[in-house]
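**Student:** output the structure for:
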Amino acid sequence: MRWESHRCILLLILTTSTINLPFSRVFAASATTNTEKTSGVCVSPGGRFPPFLDEGKPPRKVSKGHRDLTLCRVFRHNTCCDVTQTHPAFLSIRKLASAGEASQECLHLWELLECSICDPRVGVQPGPPVICVSFCDRVYQACSDAYLSVDAKTQVLAPCGLKDFVCGRASEWISNGTDLCRAAGFSVKPSDDPQELSCYGGKASLDYVADLWKASESRVPQETEGLGSLEDFRQWVEAMPFSEKVSWAVGGMVLTAGLIFASQRKSRSQRQKHAALQRTARKLGTKMNSTSPPGRGNKKTT
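**Tutor:** This next block holds a predicted model:
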C-alpha cells in the first residue's frame, strides 16, 4: 500500500543520514594507474553495509567455500568483501525482481550499484561507496517505476519486500538519481569532475572492472546458459553509453543475478498463467457437468 507520508519519511532519511557524508574518497583512473595514497587496508564503510571481516588487512582473494562471494564475483580475486557483504546485496536483487516489479535494465544496474562495495578501491576508503552522479541518474531512469520501501532495520530506501506495508514507486519517493543513491545508503560525487575519475560508475571505474573481467577466468554461470533473456541482456548493454565497458562490467558481476531472477520471474509468470487456465477449464467443465441433461449420469461432486 502507498502513502503520501512516505515523502516525509524519505526527507528525514536524507537530512539525517547520508546527505551530509563527506565525498573525500578518490579512485585511480584505471587498474594500471592506481597510485592513490591510501592506507591500503580494508576499512568498514559503516551505514547499512556490514563490517568487513578482514578489517585492517589488505584486499585479498576470496577462497571457495562458505565465505565465497554470492554476487559481484568479478572482484573475488582482490576484494575486502565476502559473503557477509554479498548476501544482503543478493537478497536486495531478489526483492527487486519479485515484489519490486523492476524491469530487466533496473535489475542489472541495481546489481552493479550494490557491487560497488566489493571494488577493492572502495573497500580501502572510509565511508559508504561514492557513486558518480551520472550513474545514479541512469539507475533512477531505469528504476523509477520499481517499488521501494524504507528498510525497517537499516532505515534506508531499499527494494520492496513481500512483508513491507508501505511501498511506492521510486519516482514517488524521490525525483532524481542523486537522492536515490543517497537514500539507498551511498555517497554521491558532485558533477564537478567531468571525467568522473573519483567515483564508482564512471568511465574510469568501468575501465577497471572491464580489465578485471577480461583477465579473469570466471565466466557466466552454467545456469544462465541457454536462457532466452540472455541475448536480450547483451543487446541492452550494447545500447548503453560506454557499451564496450559496461558490457564487460555488468557481465563481470557474473552472477548476473538480475538476469537469473528476470528469467525465473518470467517462468513463474508462465506457470501461473498455465495454472489459471487449468483452473478456468476445470470450472467450466464442472459448470457444464452440473447443467447437463438428466440421465447422462453426471453428478456435481462436493
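**Student:** which parts of this structure are helices?
**Tutor:** Assigned by DSSP state H, the chain shows helices spanning 6-16, 83-97, 104-114, 120-123, 133-143, 170-173, 177-183, 203-215, 228-238, 243-252, 257-290.
**Student:** residues in contact with the nearest residue to C115 once chain neighbours are set aside?
**Tutor:** The spatially closest residue to C115, leaving aside those adjacent along the chain, is C72, at 3.7 Å (Cβ to Cβ, 6 or more residues apart in numbering). Bear in mind the C-beta positions are built from the backbone N, C-alpha and C, glycine included. Listed by Cβ atoms under 8 Å, 6 or more residues apart in numbering, the contact set of C72 reads T79, C81, T86, A89, E114, C115, I117, C118, M253, L255.
**Student:** just those now: which is nearest D192?
**Tutor:** Minimum separation from D192 among the contacts of C72 (Cβ to Cβ) is found for I117, which lies at 24.0 Å.
**Student:** quick one: low-confidence residue ranges for the stretch 151-300 of the chain.
**Tutor:** Counting by pLDDT under 70, the stretch 151-300 of the chain has low-confidence residues at 193-194, 215-300.
**Student:** the residue lying closest to V133 once chain neighbours are set aside and R60: what is the separation?
**Tutor:** For V133, the nearest residue in space outside its immediate sequence neighbours is S191; the separation is 4.8 Å by Cβ to Cβ, 6+ apart. Here S191 is placed at a distance of 34 Å from R60 (Cβ to Cβ, to the nearest Å).
**Student:** contact partners for the nearest residue to P45 once chain neighbours are set aside?
**Tutor:** The spatially closest residue to P45, leaving aside those adjacent along the chain, is P128, at 5.0 Å (Cβ to Cβ, 6+ apart). The contact partners of P128, taken as Cβ under 8 Å, 6+ apart, are T18, L21, P45, G46, G47, R48, F49, G185, F186, S187.
**Student:** quick check, the fourth one in contact with G127.
**Tutor:** Yes. Because the distance of 6.7 Å satisfies Cβ atoms under 8 Å, G46 is recorded as touching G127.
**Student:** on that earlier part again, closest to G40 out of the contacts of C72?
**Tutor:** Looking at the contacts of C72 and their distance to G40, the nearest is T79, at 13.7 Å (Cβ to Cβ).
**Student:** count the neighbours of the closest one for me.
**Tutor:** By the measure other Cβ atoms under 10 Å, the count of residues near T79 is 27.
**Student:** show me what it bridges to in the sheet.
**Tutor:** T79 forms beta bridges with R60, as assigned by DSSP bridges.
**Student:** how near is it to C199?
**Tutor:** If you go by Cβ to Cβ, the gap between T79 and C199 works out to 18 Å.
**Student:** now the contacts of P128 in CSV, with distance to W213?
**Tutor:** Rendered in CSV, the data for these read as follows (distance: Cβ to Cβ, whole Å):
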residue, distance to W213
T18, 29
L21, 29
P45, 23
G46, 28
G47, 27
R48, 27
F49, 23
G185, 25
F186, 22
S187, 25
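**Student:** in strands only, show me the residues you listed.
**Tutor:** Secondary structure from DSSP state E places S187 of these in strands.
**Student:** please tell me how far E105 sits from C132.
**Tutor:** Counting by Cβ to Cβ, the gap from E105 to C132 is 18 Å.
**Student:** who's more crowded, the two?
**Tutor:** The neighbour count for E105 versus C132, taken as other Cβ under 10 Å, is higher for C132 (27 against 21).
**Student:** residues in contact with D137?
**Tutor:** Residues counted as contacts of D137 (Cβ under 8 Å, 6+ apart) are N176, G177, T178.
**Student:** D211: neighbour count?
**Tutor:** Count around D211 with other Cβ under 10 Å applied: 16.
**Student:** same check, this time on K64
**Tutor:** Summarising burial for K64: neighbours were counted as other Cβ under 10 Å, giving 8.
**Student:** same question for E101.
**Tutor:** Using other Cβ under 10 Å, E101 has 16 neighbouring residues.
**Student:** G46 and G127: which is more packed in?
**Tutor:** Between G46 and G127, counted using other Cβ under 10 Å, the more crowded position is G127 (20 against 12).
**Student:** the more buried one against F49, yeah?
**Tutor:** No. Applying Cβ under 8 Å, one finds G127 not in contact with F49, separated by 9.8 Å.
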